[in-house]
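J.: Here's a sequence, model it:
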Amino acid sequence: MNQMHSHGFSRREWEVLLTDKFLPGAVETMTEGSVGYMASESAHDRLWRTQISVHPQSITHTKSHLDRLPKEQRTSVIAHVVVNGLGFIEQDGSQLPFNDGDISFRNLESPSRIVFEQPSVFFALKLSRSVFLNGISFGKSRTFTAHPRITPRTSLCAEAVRHLLFGKASAVEDFCISNALSWLFAAAYHYNGEEIAKEEPRLENGYRWQQILEYIGQHLFEADMMSPSACAKRLGISESYMHRLFAQRGLRFSRYILNQHLDAAYVLLQNKTLRTSNTIASIAYQCGFKEPGHFSRVFKQRFNVSPRDCGSL
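T.: Numbering: from 1, shown residues only. This next block holds a predicted model:
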């Protein structure tokens with residue numbers, strides 16, 4: 001299953017489906033048309049799973065999203081087993097990249113974000129807290145929280161998980177797989193092989209970072225609201241502190257805003273109806289660019305295609 005299913009869902013349909021079947025969240029996309037597809041789901045004693053295909057997108061789970069979950073679900077853990085894809089997860093101040101075959105873990109007690117930077121196929125699972133507590137004393141189980149983590153494909157447990165998820169099992173085999181997966185996910189989470197001997201560096205103030213991203217998403221096309229000083233002032237932080245949060249993630253404020261504008265322009269240029277009623281210059285202006293020539297240059301640098309040829313892809 002290497003490509004998006006032919007009858008995938010639109011962005012709005014996708015958000016509704018994720019909320020109904022998996023987890024409430026806000027979806028932002030970079031492409032036009034279908035956004036995602038969810039294959040048949042299955043539930044076992046301590047885990048729920050489904051296979052998902054997505055186009056490039058980000059899914060943000062804010063505090064308000066998590067507050068809608070039943071109390072017992074807030075102690076669950078979200079795991080993604082990547083079949084093929086590329087992206088990163090963000091939670092609790094950490095930004096962790098994933099690639100083909102990796103397993104990501106996040107908790108449902110604090111806001112998080114997952115970004116798919118290319119078309120991706122993965123298994124999504126909700127696992128009960130008890131999956132991760134094998135061998136942990138009862139006293140610790142009351143305070144256990146699954147911190148964001150990536151287990152690399154090179155680990156034996158990651159390979160075993162992927163093998164079992166793809167298995168076509170009989171009723172007896174499926175029962176065994178259910179129990180095996182619980183143990184394997186626990187092993188994958190607690191895995192501490194040589195290739196990940198030291199923890200990823202924790203990034204400063206994940207809550208503030210989420211606030212910044214939400215502010216940018218809400219005011220992206222309001223030029224007077226998109227200066228570094230305006231953003232910092234509205235959020236009640238210093239401009240230097242805001243720039244530091246971007247730098248810790250390998251980003252610059254101006255470049256991030258530029259890329260957000262370019263992503264929006266890409267979506268508009270892919271829409272044939274809008275292309276008919278708007279010139280490229282008009283679309284560039286709508287997306288925050290004052291000079292059509294500058295827009296064309298940076299657009300081609302980012303997407304390796306000119307704005308004029310973008311709609312024919």
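
J.: CA only for contacts and neighbour counts going forward, please
T.: OK.

J.: Check the gap between the closest residue in space to residue 68 that isn't next to it in sequence and residue 63 for me.
T.: Spatial nearest neighbour of residue 68, excluding adjacent residues (C-alpha to C-alpha, 6 or more residues apart in numbering): residue 24 at 7.9 Å. Between residue 24 and residue 63 the computed distance is 10 Å (C-alpha to C-alpha, to the nearest Å).

J.: These two - which one has more neighbours?
T.: residue 24 (22 against 15; other C-alpha atoms under 10 Å).

J.: list the contacts for that one?
T.: 15, 18, 61, 65-66, 68 (C-alpha atoms under 8 Å, 6 or more residues apart in numbering).

J.: just those now: which is nearest residue 106?
T.: residue 61 (10.9 Å; C-alpha to C-alpha).

J.: and the closest residue to the closest one other than its chain neighbours, what does it touch?
T.: Nearest non-adjacent residue to residue 61, counting by C-alpha to C-alpha, 6+ apart: residue 25, 4.6 Å away. Taking C-alpha under 8 Å, 6+ apart, we find residue 25 in contact with 15, 18-19, 59-62, 65.

J.: ok, now how distant is the closest residue in space to residue 110 that isn't next to it in sequence from residue 69?
T.: Once flanking residues are discounted, residue 110 sits nearest to residue 63: 6.7 Å by C-alpha to C-alpha, 6+ apart. Separation of residue 63 from residue 69 (C-alpha to C-alpha): 10 Å.

J.: what about residue 97, how many neighbours?
T.: Count around residue 97 with other C-alpha under 10 Å applied: 18.

J.: other SSEs contacting the helix or strand harbouring it?
T.: Following DSSP states H and E, one finds residue 97 within strand 94-98. Counting contacts by 3 or more C-alpha pairs under 8 Å, 6 or more residues apart in numbering; DSSP states H and E, strand 94-98 is packed against strand 87-91, strand 149-151.

J.: show me where the protein has strands.
T.: Using DSSP state E, the strands of the chain run over 26-29, 36-43, 47-54, 57-61, 77-84, 87-91, 94-98, 103-107, 112-116, 120-127, 149-151.

J.: Compare the ones you listed and give me the one nearest residue 257.
T.: Comparing the strands of the chain by C-alpha to C-alpha, strand 26-29 comes nearest, at 14.8 Å.

J.: From residue 27, how far out is the residue positioned nearest the centre of the chain?
T.: The centroid of the chain falls nearest to residue 114 when counting by C-alpha atoms, centre = their mean (1.6 Å). Distance, residue 114 to residue 27, using C-alpha to C-alpha: 10 Å.

J.: overlap in contacts of these two?
T.: 58-60.

J.: Look at the residue lying closest to residue 182 once chain neighbours are set aside and say how many residues are nearby.
T.: What sits nearest to residue 182 in space, not counting adjacent residues and going by C-alpha to C-alpha, 6+ apart, is residue 131, at 5.6 Å. Other residues near residue 131 come to 20 when the count uses other C-alpha under 10 Å.

J.: got a list of what residue 131 touches?
T.: Counted by C-alpha under 8 Å, 6+ apart, residue 131 has contacts 46, 182-183, 185-186.

J.: will you turn those into JSON lines that also has distance to residue 309, pLDDT and neighbour count?
T.: Compiled in JSON lines, these are given as follows (distance: C-alpha to C-alpha, whole Å; pLDDT from 0 to 100; neighbours: other C-alpha atoms under 10 Å):
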{"residue": "46", "distance to residue 309": "50", "pLDDT": "67", "neighbour count": "16"}
{"residue": "182", "distance to residue 309": "49", "pLDDT": "74", "neighbour count": "22"}
{"residue": "183", "distance to residue 309": "51", "pLDDT": "75", "neighbour count": "17"}
{"residue": "185", "distance to residue 309": "46", "pLDDT": "80", "neighbour count": "22"}
{"residue": "186", "distance to residue 309": "49", "pLDDT": "79", "neighbour count": "18"}
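
J.: Just give me the closest of the residues you listed to residue 118.
T.: residue 185 (25.2 Å).

J.: do you know how far that closest one is from residue 83?
T.: Distance from residue 185 to residue 83, counting by C-alpha to C-alpha: 16 Å.

J.: same thing with residue 111?
T.: 25 Å.

J.: One more: residue 256?
T.: Distance from residue 256 to residue 83, by C-alpha to C-alpha: 28 Å.

J.: same thing with residue 278?
T.: Distance from residue 278 to residue 83, by C-alpha to C-alpha: 39 Å.

J.: more neighbours, these two?
T.: More neighbours surround residue 83 than the other of residue 278 and residue 83, with 23 against 14 (other C-alpha under 10 Å).

J.: Now that one. Nearest residue, chain neighbours left out?
T.: For residue 83, the spatially nearest residue (C-alpha to C-alpha, 6+ apart) is residue 122, at 4.9 Å.
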